[in-house]
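Colleague: With the sequence up front, the predicted model follows.
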Amino acid sequence: FLNVMSRSQQLLFLVHLVSCFIPDIPHPIFLPHGPQGSGKSSFLRTVRAITDPSLTPLLSLPKGAKQMVQQLEHHWTPMYDNLSSISKEQSDLLCRAVTGEGSSTRMLWTDDEDLIRTYRRCISINGINIVAEQPDLLDRSILYGLDRIGDKDRRTETDLLQRFERVKPEVLGAVFDAVARAQAIYPSIGKESLPLPRMADFALWGCAIAEALGHEKQEFLDAYNRNIQAQHLEALHSDPVGAVLLDFMELREFWKGSPTELFIQ
């Protein structure tokens, strides 16, 4: 049901999906990207149907912080569809929503009572391009590159939905089995011996989930590290100076000189 073709990305996705059922840890952002017709919206709808069924499966990203905070409080897995850009304020708020955030405002019709909102969410955003350009948001994301679906492989949305509804109970059962096995495996993962990336809690649970799914934890870590390398490259490409330096070093293995000499080059 998902246009995720490579085996390493499939493993990464399965671990990522099951992790949404582990509470009280930061969860990476699902970030599928690709050309028109690559199944990005279907990707989000499928994840939402499994993790947090809703009458509004896909959402628009609010411009104001107040509306965005309210939306995040009301959805466990908010799915922001078809984005072309994200402002710095929106990016910062999404980062805080991944690691855990709280806000306090005065309650309506009162003088001194607070309305406190707290949330830590499993977020998804998609777009033709990778809309998460800020390095701190990329650090909290898993990138899923999707290719355009060929005409002979395309299915109608009605057909896909009917097929998915038939197998969804089995999918949920498999997810719950994986969660139960991962909880038993997690204490023996060997936290002290593992090199942990930025999303350390997710990485540790990812190792346990991967083993629960019948894979080696190193297989998951390798897939996750490849994704982190893609994040770094994307961060460089989205920075004007970084992009120029990448072009400058494309045919070079080494360059040495002063900043002035580099600027002239």
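Modeller: Sure thing, it's come through.
Colleague: so Ile149 makes contact with Gln36?
Modeller: No - taking contact to mean C-beta atoms under 8 Å, the distance of 10.2 Å between Ile149 and Gln36 leaves them out of contact. C-betas here are computed from N, CA, C, even on glycine.
Colleague: higher neighbour count, those two?
Modeller: Relative neighbour count places Ile149 above the other of Ile149 and Gln36, with 16 against 8, counting by other C-beta atoms under 10 Å.
Colleague: check contacts around that one.
Modeller: Contacts were defined as C-beta atoms under 8 Å, 6 or more residues apart in numbering; by that measure Ile149 touches 3, 37-39.
Colleague: Which pLDDT value goes with it?
Modeller: Confidence per residue is given as pLDDT, and for Ile149 that number is 89.
Colleague: in this protein, which spans are helices?
Modeller: 7-19, 40-51, 65-74, 88-99, 135-139, 157-185, 200-212, 217-238, 240-248, 259-264 (DSSP state H).
Colleague: do you know which of those helices lies nearest Glu192?
Modeller: Distance to Glu192, taken as C-beta to C-beta, is lowest for helix 200-212 among the helices of the chain, at 11.0 Å.
Colleague: What residues sit buried inside stretch 62-75?
Modeller: Neighbour-count burial for stretch 62-75, counted by 16 or more other C-beta atoms under 10 Å, picks out 62, 68-69, 71-72, 75.
Colleague: Could you export that stretch as PDB, CA atoms only?
Modeller: Output for stretch 62-75, consisting of C-alpha atoms alone and laid out as PDB, is shown next (Å, rounded to 0.1, in the frame of the first residue of the first chain):
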ATOM      1  CA  PRO A  62      -1.700  26.600  10.100                       C
ATOM      2  CA  LYS A  63       0.200  29.800   9.800                       C
ATOM      3  CA  GLY A  64      -0.400  31.100  13.300                       C
ATOM      4  CA  ALA A  65       1.200  29.500  16.400                       C
ATOM      5  CA  LYS A  66      -2.000  29.500  18.400                       C
ATOM      6  CA  GLN A  67      -3.900  27.500  15.800                       C
ATOM      7  CA  MET A  68      -1.000  25.100  15.300                       C
ATOM      8  CA  VAL A  69      -0.700  24.400  19.000                       C
ATOM      9  CA  GLN A  70      -4.400  23.700  19.300                       C
ATOM     10  CA  GLN A  71      -4.200  21.300  16.300                       C
ATOM     11  CA  LEU A  72      -1.200  19.500  17.700                       C
ATOM     12  CA  GLU A  73      -3.000  19.000  21.000                       C
ATOM     13  CA  HIS A  74      -6.000  17.400  19.300                       C
ATOM     14  CA  HIS A  75      -4.200  14.900  17.000                       C
END
